[in-house]
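Chemist: Provided below for reference: sequence and predicted model.
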Amino acid sequence: MFLFFILYSSLLMLPLIPKIENRRRFGNKNKQDLFCIALNLCYLCQMFFKDVIGQDELKKQLTETVRKGLVPHARLFCGEEGTGAFQLALAYARYLNCTDRSDHDSCGKCPSCIKYNEWAHPDLHFVFPMVSNKSAKKEVCDDYLSEWREFLKKQVTQHSYFNIDTWLRLAQMGVENKQAIIYAAESDKIIHKMNLRIYEAAYRILFVWAPDRMNDACANKLLKIIEEPPANTSILMVTDRPDRVLGTIASRSQLVQVRPIQPEIITGVLEKLWGIQEADARQIAHLSGGNYFKATEYLSIDNDDAYFLEQFKTIMRNGWTRNVVAMKSFSEEMASMGREKQKSFLSFCQRQIRENFINCLHEPSLNYMSKEEADFAKNFSPYVNERNVMDMMEELSLAERHVSRNVNSKMVFFDLSMRIIVLVKR
């Protein structure tokens, strides 16, 4: 059984081929190399404190507060998707209920930890973004609970740093033009769970991923629970967009700010677990900006960045040449993507504008561009200057907000293309 698990892990690693210049060298890894990489990643992703990359100061603070009995009723973990906020919150939840914990981590052997290994503890409740499917009778998080647990288990055999797109893809939700949110119907489920008697744990855990995606009605009911929490209940929320969390929820929660991971730590992990040479690992760590998820994305052939870069070139070139026919085709292609991917593209465009503007300062240490992005920036960056950079960022941000609010995508991208005509020639 163990051998089957390792072989399965190795097969899962096959698509993860590095995407830097010396890809051929990595593509020729033999079966023994794949075996070792898969085994290393299995040890990385058990969701203990020791498995969280970096963040040593935060780990120390979290474990110390538990040992002292200082457990707040609500914590809000804020950090980019690849900094480990999600992983820290899960490790903290496990540590709270471990019956044989050390000063630094959970034991991994007690009855509570064994149940956490399966994400099936009776006093652990999950709330996460999803796409409602009434025809399949999947309208609340509990309806996706088996997929959610399987998703978390799969991260054990791959890397445990992920984003919402990863979850939606692996859960095989038909997102199309729908957005993943936490629906109003979830609020009744939350209240019901909070009124249940604690079965066996020291603390009942309500784990809320992405409270910034909550329906307003659901957020207001969660606020009421936070204001009047049941006894021995810990509400753990994780977000990469704290500015979009309901202000009254954020103000009543203890903030845990998860900062980017230090580049040298990411470099060490890439060398140890992925077998990457030091120079390449340093380059990827720099490009990631302290985001381990982004670092692993640079190693994957399933990365959307190459496609997004081509579309970014298209919208800018269409604006420069004033090619309205091409703008119409571009807007139709963008509209054919799901809304989550549209938002990711607009976020990518904002990053490109920032990087091209910084590129004009001729200070490479401030730039975080791949080789392909840097090649395009050589000719394009002079057109992003102090006269248009703020307006470009505002238009892209406005388009992202419109997509989030379900405005017609063709109209959003065609209007954006028309505005680029004026801005790119300033």
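Modeler: Great, that's in hand.

Chemist: Tell me if I'm right that Ser370 and Phe308 touch.
Modeler: No - with contact defined as Cβ atoms under 8 Å, Ser370 does not count as touching Phe308 (11.3 Å). Using the backbone N, CA and C atoms, a C-beta is placed for each residue, glycine as well.

Chemist: Which phi and psi values does the residue nearest the centre of the chain adopt?
Modeler: The residue lying closest to the centre of the chain (Cα atoms, centre = their mean) is Asn163, at 2.7 Å. Asn163 adopts backbone torsions of phi -130, psi -180, taken as degrees, to the nearest 10.

Chemist: Tell me, how many residues neighbour the nearest residue to it once chain neighbours are set aside?
Modeler: Of all residues not flanking Asn163 in the chain, Glu81 sits nearest, at 4.3 Å (Cβ to Cβ, 6 or more residues apart in numbering). Neighbourhood size, Glu81 [other Cβ atoms under 10 Å]: 21.

Chemist: Doesn't Glu81 lie inside a helix?
Modeler: No - under DSSP: H, G, I helix; E, B strand; the rest coil, Glu81 sits outside any helix and is assigned coil.

Chemist: Pull up the gap between it and Ala120, please.
Modeler: Applying Cβ to Cβ, to the nearest Å, the value for Glu81 to Ala120 is 25 Å.

Chemist: follow-up on the earlier one: hmm, the residue nearest to Asn163 is touching Phe162, no?
Modeler: Yes - with contacts counted by Cβ under 8 Å, Glu81 reaches Phe162, the gap being 7.3 Å.

Chemist: Quickly list what's touching both of those two.
Modeler: Residues touching both Glu81 and Phe162 (Cβ atoms under 8 Å, 6 or more residues apart in numbering): Phe293.

Chemist: Give the full set of residues in contact with the residue nearest to the centre of the chain.
Modeler: Glu81, Gly82, Asp240, Phe293.

Chemist: how close does it sit to Tyr292?
Modeler: 12 Å.

Chemist: Give the intersection of the neighbour lists for those two.
Modeler: Counting by Cβ under 8 Å, 6+ apart, the shared contacts of Asn163 and Tyr292 are Gly82.

Chemist: Taking the contacts of Asn163, tell me the two that lie furthest apart.
Modeler: Asp240 and Phe293 (10.2 Å; Cβ to Cβ).

Chemist: and for those two, which residues touch both?
Modeler: Each of Glu81, Asn163 lies in contact with both Asp240 and Phe293 under the rule Cβ under 8 Å, 6+ apart.

Chemist: can you map out the strands along the stretch 51-200 of the chain?
Modeler: 74-78, 124-127 (DSSP state E, counting those that start in this stretch).

Chemist: Which one, of these, ends up nearest to Ser329?
Modeler: Across those, closest to Ser329 is strand 74-78 (Cβ to Cβ), at 39.6 Å.

Chemist: Check which helices and strands that closest one is in contact with.
Modeler: helix 85-97, strand 233-239, strand 254-257 (3 or more Cβ pairs under 8 Å, 6 or more residues apart in numbering; DSSP states H and E).

Chemist: Run through the protein and note the low-pLDDT ranges.
Modeler: 1-46, 156-160, 173-177, 301-303 (pLDDT under 70).

Chemist: try 80
Modeler: The chain contains residues with pLDDT under 80 at 1-46, 135-136, 154-160, 170-178, 299-303, 365.

Chemist: which helix of it spans the most residues?
Modeler: Longest helix in the chain by number of residues, with DSSP state H as the criterion: helix 339-359.

Chemist: gap between Ala91 and Ser251?
Modeler: Using Cβ to Cβ, Ala91 is found at 25 Å from Ser251.

Chemist: Among these two, which residue is more densely surrounded?
Modeler: Legend: neighbour count by other Cβ under 10 Å for Ala91 and Ser251, higher for Ala91 (25 against 12).

Chemist: what helices or strands is the helix or strand in which Leu309 is found leaning on?
Modeler: Per DSSP states H and E, Leu309 falls inside helix 305-321. If contacts are counted by 3+ Cβ pairs under 8 Å, 6+ apart, helix 305-321 sits against helix 324-335, helix 339-359, helix 371-380, helix 409-423.

Chemist: C-alpha coordinates for the last one, PDB please?
Modeler: Listed in PDB are the C-alpha atoms of helix 409-423, where the atom choice follows Å, rounded to 0.1, in the frame of the first residue of the first chain:
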ATOM      1  CA  SER A 409     -17.600  40.800 -19.900                       C
ATOM      2  CA  LYS A 410     -17.600  41.800 -23.600                       C
ATOM      3  CA  MET A 411     -18.600  45.300 -22.700                       C
ATOM      4  CA  VAL A 412     -15.900  45.500 -19.900                       C
ATOM      5  CA  PHE A 413     -13.000  44.300 -22.100                       C
ATOM      6  CA  PHE A 414     -14.100  46.300 -25.200                       C
ATOM      7  CA  ASP A 415     -14.400  49.500 -23.100                       C
ATOM      8  CA  LEU A 416     -11.000  48.800 -21.500                       C
ATOM      9  CA  SER A 417      -9.500  48.400 -24.900                       C
ATOM     10  CA  MET A 418     -10.900  51.700 -26.100                       C
ATOM     11  CA  ARG A 419      -9.500  53.500 -23.000                       C
ATOM     12  CA  ILE A 420      -6.100  52.000 -23.600                       C
ATOM     13  CA  ILE A 421      -6.000  53.800 -27.000                       C
ATOM     14  CA  VAL A 422      -5.800  57.200 -25.200                       C
ATOM     15  CA  LEU A 423      -3.700  56.100 -22.300                       C
END
